[in-house]
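>>> for reference, the sequence and a predicted model appear below.
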Amino acid sequence: MSAVPDIRPESPIRRDAPVPLLRTLVLCDLVDSTALVERLGDRRAAELFRRHDRQARSLVHQFGGLEIDKTDGFLMMFERPIQAVAFALAYQRSLKNLEMDALDLLQLHCPPSQLYRQPDIFGILDDLVAAGKVRYYGVSVETVDEALTAMQHPGVQSVQIIFNMFRLKPAERVLTEAAKRQVGILARVPLASGLLTGKLRPDTAFAADDHRSFNREGQAFDKGETLSGVPYEAGLAAVEELRPLVPPGASLTQVALRWILMFDGVTSAIPGARTAAQARENAAAAALPPLDAGTMAAVRRVYDEHIRGLVHAGW
């Protein structure tokens with residue numbers, strides 16, 4: 001391929017049309033926004049962000065997408081992969097108007113499995129890199145097989161995959177293959193939707209719009225995204241086995257994150273946080289000393305005895 005294709009928007013999606021079984025998520029984030037504010041100043045940066053948000057929302061609507069969440073960037077859903085790619089291309093063109101030349105990292109978020117076997121999609125991403133619109137690209141996957149397939153495309157520079165004390169399977173092949181291919185690994189859902197914080201209880205109530213209420217059996221999207229696919233009561237029982245591993249002055253949250261960082265193939269863990277205190281607690285995990293061999297073996301034992309049979313074959 002020699003040029004970035006000019007994909008035009010499809011006809012707007014009829015909201016009363018049959019809903020496809022597979023959808024495509026796109027995440028657009030502003031990398032190092034704090035440094036950008038420091039460079040431009042509060043007023044100029046705020047205006048730039050407002051212009052960016054207006055343009056992004058306009059393009060989401062133009063290409064028939066749906067805005068799901070908004071922080072520094074956007075999480076959007078499209079009903080077909082080609083619409084998501086078309087949006088990404090148009091979004092790149094729009095950045096010229098914001099004096100932003102390129103995205104540092106573009107990631108396809110959990111597209112349908114068959115997409116990983118469509119070289120034309122990765123060819124479009126290669127064209128974006130060649131055109132200087134994207135510096136690097138990667139994927140977010142649901143399964144080990146998807147990760148291994150994606151890494152066969154030489155342009156893939158990062159893989160997001162669920163990896164935590166309740167999802168050990170990526171340690172068997174994915175981390176080794178990523179290191180061999182120099183692909184970054186971003187461990188997502190590192191706290192198993194809160195199970196590995198140790199703060200959930202049998203009587204914890206979740207809001208109706210919380211996926212821990214409505215997606216425990218995969219009713220809305222992949223079951224593995226919710227509680228890492230672990231049945232709630234089984235997860236709570238396993239957590240009780242993990243509590244004795246927490247040293248004085250630390251939390252189970254921090255030990256769970258430090259456990260992930262013990263694996264050389266992991267580039268970073270990406271926990272969520274709803275408060276500043278949670279963000280500080282997460283960040284402090286990096287300062288914990290390395291976990292000893294006994295702790296690592298104990299985590300493996302808890303996994304083998306309580307979790308393996310529930311999730312290992314699924315993802």
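Right, received. Where do you want to start?
>>> other SSEs contacting the biggest helix by length in the chain?
Longest helix in the chain by number of residues (criterion: DSSP state H): helix 42-62. Using 3 or more C-beta pairs under 8 Å, 6 or more residues apart in numbering; DSSP states H and E as the contact test, the elements touching helix 42-62 are helix 33-40, strand 66-70, strand 74-78, helix 81-95. Just so you know, the C-beta spots here come from the backbone N, C-alpha and C atoms, and that holds for glycine as well.
>>> count of residues packed around Ala293?
Using other C-beta atoms under 10 Å, Ala293 has 8 neighbouring residues.
>>> quick check, pLDDT for it.
We note a pLDDT of 97 for Ala293 in this prediction.
>>> tell me the SS of Ser158?
At Ser158, secondary structure determined by DSSP: H, G, I helix; E, B strand; the rest coil is strand.
>>> now it: closest residue in space that isn't a chain neighbour?
Nearest residue to Ser158 in three dimensions, chain neighbours excluded: Gly138, at 3.1 Å (C-beta to C-beta, 6 or more residues apart in numbering).
>>> before we move on, the earlier item: can you put the helices and strands packed on helix 42-62 in JSON lines and add distance to Glu217, mean neighbour count and mean pLDDT?
JSON lines is the format used below for the helices and strands packed on helix 42-62 (distance: least, C-beta to C-beta, whole Å; neighbours: other C-beta atoms under 10 Å; pLDDT from 0 to 100):
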{"stretch": "helix 33-40", "distance to Glu217": "37", "mean neighbour count": "13", "mean pLDDT": "78"}
{"stretch": "strand 66-70", "distance to Glu217": "21", "mean neighbour count": "12", "mean pLDDT": "87"}
{"stretch": "strand 74-78", "distance to Glu217": "21", "mean neighbour count": "21", "mean pLDDT": "87"}
{"stretch": "helix 81-95", "distance to Glu217": "26", "mean neighbour count": "20", "mean pLDDT": "84"}
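>>> got the domain boundaries for the protein?
Domain ranges of the chain: 21-140, 154-164+178-209+225-315, per automatic domain parsing.
>>> lowest average confidence across the ones you listed, which one?
The bottom spot among these, by mean pLDDT, belongs to domain 21-140, with a mean of 84.
>>> show me how far it is from its chain's centre.
Put simply, domain 21-140 sits 14 Å off its chain's centre (C-alpha atoms, centre = their mean, to the nearest Å).
>>> cool, and stretch 151-162?
12 Å.
>>> tell me how far the ends of it are from each other?
16 Å (C-alpha to C-alpha, to the nearest Å).
>>> then stretch 140-154?
End-to-end for stretch 140-154, by C-alpha to C-alpha: 16 Å.
>>> without its sequence neighbours, what residue ends up closest to Arg212?
Closest to Arg212 by C-beta to C-beta, 6+ apart is Phe206, at 4.6 Å.
>>> could you grab the helix/strand/coil label for that neighbour?
Phe206 - assigned by three-state DSSP - is coil.
>>> that one: how many residues sit nearby?
15.
>>> pretty sure it contacts Ser213?
Yes: the criterion here is C-beta atoms under 8 Å, and Phe206 meets it with Ser213 at 4.3 Å.
>>> nearest residue to Ile307 in space, please, no chain neighbours.
Closest to Ile307 by C-beta to C-beta, 6+ apart is Phe166, at 5.1 Å.
>>> how far away is that neighbour from Leu196?
According to C-beta to C-beta, to the nearest Å, Phe166 stands 7 Å off from Leu196.
>>> surely Arg135 is in a strand?
Yes: under three-state DSSP, Arg135 sits within a strand.
>>> around it, how many other residues sit close by?
If we define neighbours as other C-beta under 10 Å, then Arg135 has 15 of them.
>>> I'd guessed it sits against Leu125; true?
No: between Arg135 and Leu125 there is no contact under C-beta under 8 Å: 11.5 Å.
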